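# Next input, structure requested:
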Amino acid sequence: MKRLTGLDAGFLSLETRSSPMHVASVIVLDPGDRPFGIDDIRRLFAARLDQAPPFRRRLVEVPFGIHHPVWIEDPDFDLEFHLRHIAVPRPGTMVELEDLVSHLIALPLDRQHPLWETWLIDGLEDNRLALLNKVHHAAIDGAAGEELMLALLDLTPEIEDKPPVVADWKPERVPSDVELVTYAAMSIAESPVKFAKATRRTVEAALQIRQTNRSEESVPPPSPFAAPRTSFNDALSPHRRFVTSTVSLPEVKRIKNLFGTTVNDVVLALCGGALRHYLDKHDEHPDGALVAMVPISVRSDDLKGTNGNQISSALTTLATDVDEPAERLRLISEGMKWAKVQQNAIGAETLQDWAEFAAPAVAARAARLYSRMRVAGRHRPIFNVTISNVPGPPFPLYVAGAPVSATYPVGPIFDGSGVNMTVMSYLDRLDFGINVCPELVPAPELLAQGLQLALDELSEAADEADVPDPD
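This next block holds a predicted model:
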């Protein structure tokens, strides 16, 4: 039995009918002429369960929601429940795949079972298939999800015999209500000490941030609720629309080198450019630059290989009110630099510390009330869009012998922010997965197209820039 951290439990509390809190990935496979089907996936997962501890952990709620839930090793674990098989009409294109994924990611995970499922999708043209993997955000963050994916995949067409991460797995019995309440009470008894430490850290961070922001060269990041209102910053429906886009990683690196920024800065500039194109197409002109919430991994080296969430976040401008692409990139890069300075001042533990004190029952009811009353449409957004960049492998991967040709990540959206743009690098590609609420974003394909348009604009600006190429 292992208690969820406050941050992990927070993703459970945030989950409502219109906001399922799972992360996902769409892995496109190209097995060629060789037969490939659900039996290959069954054999792979059965052999790799010891590589993926979250896959056999079931959630158990504490009575009355007085404290965070616990994970137990599921005594009723059934692999077949989690592996699903479905198809698009042949010959399925990416549009048909995106339509099916849109429907599947809108479905919440069943909390009576370990919080994941994998769908094998066949029927794609050229004998391709896809794997849709869904895992609740309470169990993993982006970095843990990447490690989990690599544990399930191979580096060669031959299926490897990988040593188990957890040896001698044993199921646990479901604890009684008395045991859960007793365990919760012992943890709650430590709260005053934890509260004092969290308060001290927060005061110290606030003083340091205040001093930093007073320096002449400081560019403080946007404040919460300072983002402009847009059509996609409103209460969500339960529906989802998923689209994909791929851009050249070498070209992004060329731009990064020419302008002295980072790959993540260029990714933010591409997303900002795509959002700007989308708003222009809809004749929508916000009263300021859009603000992105950027998850930041704080997973230290000694926590690699562990699950759960080790993340913080930063707010940054997307400079969408600036016409010139190169200047927009410069402002984004400058903003991210100071956002990281502020994040370092706050510290990785602060958000996690305060999350510990949220009572699950109260937090969940508040989230449901906020969603049901559609409060998100009555105030300025905390931020406009979530943008996440997950570094992926520069080498080929295989699933049960089938080569991986693309990896499109899927991040969740929240009430008040109906767009998530998540990107993962793979080989020489940057694969974007764009998840939206279709009632707020009726033409998400414009966002997908806008990414390439934004890259073309930056490429042209790089060609015209009078700066030497470091390479």
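
# Grab the nearest non-local neighbour of T262.
K256 (6.2 Å; CB to CB, 6 or more residues apart in numbering). In this view, the C-beta of every residue, glycine as well, is placed from N, C-alpha and C.

# And for that neighbour, the neighbour number?
Here the number of neighbours of K256 (other CB atoms under 10 Å) works out to 22.

# residues contacting it?
T262, V263, D265, V266 (CB atoms under 8 Å, 6 or more residues apart in numbering).

# Does anything pack onto the helix or strand containing the third one? Which helices or strands?
When elements are defined using DSSP states H and E, D265 is found to belong to helix 263-281. Secondary structure elements in contact with helix 263-281, counted by 3 or more CB pairs under 8 Å, 6 or more residues apart in numbering; DSSP states H and E, are helix 249-259, strand 291-297, helix 325-346, strand 385-390, strand 419-426, helix 445-464.

# Pull the distance from it to the chain's centre.
Here the centre of helix 263-281 is set off from its chain's centre by 18 Å, with CA atoms, centre = their mean, to the nearest Å.

# so for stretch 265-285, what's the average pLDDT?
Per-region confidence: stretch 265-285 scores 97 on mean pLDDT.

# Run the chain-centre distance for that stretch.
With CA atoms, centre = their mean, you get 20 Å for stretch 265-285.

# ranges for the helices of the stretch 151-300 of the chain?
177-188, 191-213, 249-259, 263-281 (DSSP state H, counting those that start in this stretch).

# show me where pLDDT drops low in the chain?
142-143, 164-167, 188-218, 299-309, 343-355, 358, 466-471 (pLDDT under 70).

# Spatially central residue (nearest the centroid) of this protein, please.
G411 (4.0 Å; CA atoms, centre = their mean).

# ok, it - contacts?
V23, T386, S388, N420, M421, T422, G433, N435.

# these two touch, right, the second one and G416?
No - taking contacts as CB atoms under 8 Å, T386 lies outside contact range of G416: 10.8 Å.

# Quick check on those two: which one has the bigger neighbour count.
G416 (25 against 22).

# Which residues are in contact with that one?
N233, D234, A235, A376, P381, I382.

# Could you look up the SS state of the nearest residue to S187 once chain neighbours are set aside?
Leaving aside its sequence neighbours, S187 sits nearest to H67 (CB to CB, 6+ apart; 6.0 Å). Under DSSP: H, G, I helix; E, B strand; the rest coil, the three-state class of H67 is coil.

# contacting residues for H67?
R3, A184, S187, I188, A359, P360.

# Just the buried residues of those.
When those are checked for burial by 16 or more other CB atoms under 10 Å, the buried set is R3, A184, A359, P360.

# if I read this right, the second one contacts V60, doesn't it?
Think A184. No - using CB under 8 Å as the test, A184 is too far from V60 to be in contact (11.3 Å).

# Roughly how far does L148 sit from F225?
As judged by CB to CB, to the nearest Å, L148 and F225 stand 34 Å apart.

# neighbour-wise, which of these two wins?
L148 (23 against 12).

# Kindly tell me how buried the nearest residue to the more buried one once chain neighbours are set aside is, as a neighbour count.
What sits nearest to L148 in space, not counting adjacent residues and going by CB to CB, 6+ apart, is A52, at 5.6 Å. As a burial measure, A52 scores 22 neighbours (other CB under 10 Å).

# Same check on the one 5 residues further on?
Applying other CB under 10 Å, we find 21 other residues in the vicinity of R57.

# how close does it sit to G416?
Following CB to CB, the distance that separates R57 from G416 is 31 Å.

# Report how many residues lie close to R43.
12.
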